[in-house]
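Asker: 3D model of this:
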Amino acid sequence: MSITFDDGVLDSTTAPADTTDIATLRPRVAMSVSGCPENVQLLAIRLAARDFCRDTEIWQETLSTTSTADEDEYDLTALHDYDAVIQRVRAVRLDDSETDSDEADWRADEVGALTFEEAPDEDGLTIEADVVFVPRVSCEDFPTWLLDKWSEAVTAKALASLKAMPQKPWSDPASVDALEREYAYRCGQAKASLATERQSGDLMIQPPTFV
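Answerer: Residues are numbered from 1 along each chain as shown. Predicted structure coming up:
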């Protein structure tokens with residue numbers, strides 16, 4: 001197993017990609033919802049993180065494996081350890097090609113199976129799939145870069161949902177619109193950053209590669 005870091009250096013270790021517990025965002029929420037139970041806060045944060053990833057497709061990574069001759073189907077879910085589902089596969093490359101394979105040459109289903117229309121004819125060819133992740137509500141460990149850069153978006157969404165709750169000590173309907181606007185603004189920033197990264201050809205992060 002190996003990890004390719006942002007600088008392209010291949011490190012043959014078994015360490016996972018750098019992650020941070022989503023609960024680290026709770027203090028930012030807690031100070032604005034006095035009296036709200038901790039478990040309610042954490043659920044709101046997890047739901048907000050899920051919505052942000054789904055709304056923006058910001059959580060994108062490259063999964064890698066190697067081919068088996070005449071095998072046309074590969075399980076992408078076996079290539080990562082996140083408590084997340086693959087929302088979609090953006091692109092696929094075969095054998096270290098810098099050019100994405102034509103989408104007519106492969107398909108990916110909702111359970112994470114990547115199928116080539118024509119199976120690779122050799123063992124050991126590199127297969128790369130650029131995927132979009134959406135965390136499950138139960139997800140605790142997120143990529144550190146995601147929480148470092150987009151914590152304001154997740155916090156705003158969580159606070160909006162908590163303050164919109166009726167007849168609670170922490171209810172504050174008057175502040176919900178501003179929080180929703182803040183969330184929408186952060187979503188716009190995230191989508192713009194993705195567009196810029198795609199134009200420049202940058203990759204964000206790659207998780208462990210199983211071979």
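Asker: ranges for the helices of this structure?
Answerer: Under the criterion DSSP state H, the chain contains helices at 26-30, 38-56, 144-163, 176-200.
Asker: JSON lines please, covering those and showing distance to residue 118, mean neighbour count and mean pLDDT.
Answerer: Placement of C-beta: from N, CA and C, glycine included. Compiled in JSON lines, these are given as follows (distance: least, Cβ to Cβ, whole Å; neighbours: other Cβ atoms under 10 Å; pLDDT from 0 to 100):
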{"stretch": "helix 26-30", "distance to residue 118": "49", "mean neighbour count": "16", "mean pLDDT": "97"}
{"stretch": "helix 38-56", "distance to residue 118": "33", "mean neighbour count": "19", "mean pLDDT": "98"}
{"stretch": "helix 144-163", "distance to residue 118": "36", "mean neighbour count": "21", "mean pLDDT": "97"}
{"stretch": "helix 176-200", "distance to residue 118": "27", "mean neighbour count": "15", "mean pLDDT": "91"}
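Asker: got a markdown table for these, with distance to residue 106 too?
Answerer: Shown next, in a markdown table, are these (distance: least, Cβ to Cβ, whole Å):
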| stretch | distance to residue 106 |
| --- | --- |
| helix 26-30 | 41 |
| helix 38-56 | 23 |
| helix 144-163 | 27 |
| helix 176-200 | 20 |
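Asker: for these, which one sits closest to residue 128?
Answerer: Between residue 128 and these, the shortest gap by Cβ to Cβ is with helix 176-200, which sits at 15.5 Å.
Asker: circling back: the helices of the chain: which one's closest to residue 85?
Answerer: helix 38-56 (10.0 Å).
Asker: what angle sits between that closest one and helix 176-200?
Answerer: Relative orientation of helix 38-56 versus helix 176-200 (axes from the mean of the first three to the mean of the last three Cα atoms, to 10 degrees): 40 degrees.
Asker: elements contacting helix 38-56?
Answerer: helix 26-30, strand 126-135, helix 144-163, helix 176-200 (3 or more Cβ pairs under 8 Å, 6 or more residues apart in numbering; DSSP states H and E).
Asker: Which residues are in contact with the spatially most central residue of the chain?
Answerer: For the chain, the residue nearest the mean C-alpha position is residue 59 (2.7 Å; Cα atoms, centre = their mean). Taking Cβ atoms under 8 Å, 6 or more residues apart in numbering, we find residue 59 in contact with 53, 84, 132, 133, 134, 135, 143, 146.
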